[in-house]
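A.B. asks: any chance you can model this:
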Amino acid sequence: MNAIPVRNPRTGAHDFEIVPPSAGDLDATIAEMRRAQRGWWAAGIEARIDVMQAWKEAFVAAKQEIINALTTDTGRRLLSISEVNGTPLSIDRWCGMAQGLLKGDSGRSEAVPHIRYETQDVPYPLVAVISPWNFPLLLSLIDTLPALLAGSAVLVKPSEVTPRFMAPLMRTIEAVPLLHSVLRFVPGAGETGAALIDRSDCVCFTGSVKTGRRVAEQAARNFIPAFLELGGKDPLIVLRTADLDAAADAAMRGGAANSGQACQAIERVYVDAEIFEPFVERLTARAEAAKFNYPDINQGTIGPLIFDKQADIIQRHLMDARTKGATIRTGGRIHDLDGGKWCEPTVLTDVTQDMLVIQEETFGPVLPVMAFRTVDEAIALANDTVFGLSAGVIAGTAEEAMDVGRHIDAGAISINDASLTAIFREAEKNSFGLSGMGSSRMGPTALKRFMRRKLFIVNTDKPMALDALDEKNAASITVVGRAGVSKN
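C.D. replies: Prediction:
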């Protein structure tokens, strides 16, 4: 396989490369993992927890090395530290939840008392995880951890844009041989991801709608489940009762954290007309105060655009907005600094719903702000999108905000804040519209979706003979038939 060059987001230099596995190498790896998975599942949840805890210790020991690699991958340091520091906590959280989620059910039939049942949850043997470049470590593990504890083997293909963190991470995995037998990371681009789908029993994908559609179609052809977390165009509604400083803080953080390179980023802001100008003034001041982490990576809050092609999308959206009459209150430029690309935090007004910056995912620190006259108008504007990942509502009270949030077509609504799904994952939610497909990656379902349920139906009486059917027992046979057992 040909090597794939990897760009440094701070310098623009292609100073790294990855070599995807050949089809033969991939097949050999998968064969080993499938053999090992049987023992991984059979060992039981307590054994798997022990292995995961051993991995946590190896991970913590290598923490600084992983941070350094992740920082080079993304061009930002503080969020890289956050990703790494959050990983041991995620391992502990899933180990704590897993025991209670993997217990089967049992009972007795009400219609046919001599029949009892038991269930067994059986994991998909091999789960493929295809993860993106904006949070390389976090999003490569968000599906991996629950899948491993469910008893699956997991093969991860991170983005070819940010692959450097794989090497130090794999060394921590190799330090725990039992884990290494069922968890591997492989480098590669789209071709390798497609090969994984053809060889797996279940696929988790995080990324664009365009690629997600191809993943779903390929998975459907293979009759395997696909869990997709795709793009967003999250709205934030600011009601007239809101604390304007708090609302501006939430909008700025929600729209510019990680330079706007997050699926749950705030990309549209709808503000009550009575407070529109005071809010825009506050938001503009915060955008102007935000500084690039250049030349010192330890200073400033706005990192470079990790994927250089994203700059073209942002430029296209801003040009379209200008052409259609938008006003740039601040920002609006992308700087080329020593080969890296930095986008100024941008606030736009005089925005209309037909602009690309309102309709398409921008994935940059760009905040278009529109005024509304009535709450019904705000809800209609928020719902005027093909996406439905998440949203936010800010008001004087949580109850007022929730009354509005109940009418927004999105999977998670942050109340009196923005983008809270970035830090809260304990409860389930689904993606609406083109923002995703499949069971929640948050809450208990995030683990249980990797299991198939097997049902044991136990007859505690003698089996009925064919010629024993009469009017007395005909009703019970019909009931069983309706429950899914063939009557023929």
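
A.B. asks: burial count for Arg171?
C.D. replies: Residues lying near Arg171 (other C-beta atoms under 10 Å) number 14. Placement of C-beta: from N, CA and C, glycine included.

A.B. asks: residues in contact with Val156?
C.D. replies: Ala128, Val129, Ile130, Ser131, Ser140, Thr144, Leu183, Arg184, Phe185, Val186 (C-beta atoms under 8 Å, 6 or more residues apart in numbering).

A.B. asks: kindly recompute the last result at 10 Å.
C.D. replies: Taking C-beta atoms under 10 Å, 6 or more residues apart in numbering, we find Val156 in contact with 127-131, 140-141, 143-144, 147, 166, 169-170, 183-186, 196, 204.

A.B. asks: for Leu420, same thing?
C.D. replies: Leu420 neighbours (C-beta under 10 Å, 6+ apart): Ala250, Gly254, Gln264, Ser390, Gly392, Ala412, Ile413, Ser414.

A.B. asks: which two of those residues have the greatest separation?
C.D. replies: Greatest spacing in these, by C-beta to C-beta: Ala250 and Ala412 (14.7 Å).

A.B. asks: tell me who's in contact with Leu283.
C.D. replies: So Leu283 contacts 238, 244, 247-249, 251-252, 255, 269, 271, 329-330, 345, 347, 349, 367, 369 (C-beta under 10 Å, 6+ apart).

A.B. asks: could you redo the last one with a cut-off of 8 Å?
C.D. replies: Ala248, Ala251, Met252, Val269, Val347, Leu367, Val369.

A.B. asks: among those residues, which one has the most neighbours?
C.D. replies: Leu367 leads those on contacts (other C-beta under 10 Å) with 33 neighbours.

A.B. asks: in the sheet, which residues pair with that residue? Tell me.
C.D. replies: Val347 (DSSP bridges).

A.B. asks: Ile408 belongs to a helix?
C.D. replies: No: with DSSP: H, G, I helix; E, B strand; the rest coil as the criterion, Ile408 is coil rather than part of a helix.

A.B. asks: re earlier: now pLDDT, secondary structure and neighbour count too, for the contacts of Leu420, in CSV please.
C.D. replies: As requested, these are exported to CSV (pLDDT from 0 to 100; DSSP: H, G, I helix; E, B strand; the rest coil; neighbours: other C-beta atoms under 10 Å):
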residue, pLDDT, secondary structure, neighbour count
Ala250, 98, helix, 24
Gly254, 97, helix, 26
Gln264, 95, coil, 24
Ser390, 97, strand, 28
Gly392, 98, strand, 30
Ala412, 97, strand, 24
Ile413, 98, strand, 21
Ser414, 98, strand, 25
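
A.B. asks: and the nearest residue to Ile18 once chain neighbours are set aside, helix, strand or coil?
C.D. replies: Excluding the flanking residues, the one nearest Ile18 by C-beta to C-beta, 6 or more residues apart in numbering is Pro187, at 3.7 Å. What three-state DSSP gives for Pro187 is coil.

A.B. asks: so what's the residue count around Ile328?
C.D. replies: Neighbour tally, Ile328, other C-beta under 10 Å: 17.

A.B. asks: what distance do you get for it to Cys263?
C.D. replies: 25 Å (C-beta to C-beta, to the nearest Å).

A.B. asks: check Val215 too.
C.D. replies: 15 Å.

A.B. asks: more neighbours: the two, which one.
C.D. replies: Set side by side, Val215 and Cys263 show more neighbours around Cys263, with 28 against 25, by other C-beta under 10 Å.

A.B. asks: look at that one and report its pLDDT.
C.D. replies: pLDDT recorded at Cys263 is 94.

A.B. asks: was I right to think it contacts Gly231?
C.D. replies: Yes: using C-beta atoms under 8 Å, Cys263 is in contact with Gly231, at 6.0 Å.

A.B. asks: now for the two: what residues contact both?
C.D. replies: Leu389, Ser435.

A.B. asks: poorly predicted segments of the stretch 151-300 of the chain, please.
C.D. replies: Along the stretch 151-300 of the chain, no part satisfies pLDDT under 70.

A.B. asks: hey, where'd the helices end up in it?
C.D. replies: 166-174, 177-180, 190-199, 209-221, 244-256, 276-289 (DSSP state H, counting those that start in this stretch).

A.B. asks: find the nearest non-adjacent residue to Ser106, please.
C.D. replies: Glu118 (4.5 Å).

A.B. asks: show me what contacts that neighbour?
C.D. replies: Contacts of Glu118 (C-beta under 8 Å, 6+ apart): Gly104, Asp105, Ser106, Leu455, Phe456, Val458.

A.B. asks: give me the subset of those lying in strands.
C.D. replies: Members of those lying in strands (criterion: DSSP state E): Ser106, Leu455, Phe456, Val458.

A.B. asks: any chance of the residues you listed in JSON lines with distance to Phe135 as columns?
C.D. replies: Below are the ones in strands among the contacts of Glu118 laid out as JSON lines (distance: C-beta to C-beta, whole Å):
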{"residue": "Ser106", "distance to Phe135": "41"}
{"residue": "Leu455", "distance to Phe135": "38"}
{"residue": "Phe456", "distance to Phe135": "41"}
{"residue": "Val458", "distance to Phe135": "47"}
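
A.B. asks: follow-up on the earlier one: and which of the contacts of Leu420 is nearest Ala287?
C.D. replies: The closest of those, once distances to Ala287 are taken by C-beta to C-beta, is Gly254, at 12.6 Å.

A.B. asks: and the nearest residue to that closest one once chain neighbours are set aside, how far from Gly340?
C.D. replies: In space, and not counting its chain neighbours, Gly254 is closest to Ala418: 3.1 Å by C-beta to C-beta, 6+ apart. With the distance defined as C-beta to C-beta, Ala418 ends up 27 Å from Gly340.

A.B. asks: ok, those two, which is more surrounded?
C.D. replies: Taking neighbours as other C-beta under 10 Å, Ala418 and Gly340 compare with Ala418 leading, 29 against 22.

A.B. asks: the more buried one: what's it in contact with?
C.D. replies: Per C-beta under 8 Å, 6+ apart, neighbours of Ala418: Asp234, Leu236, Ala250, Ala251, Arg253, Gly254, Gly255, Ile266, Gly392, Ile394.
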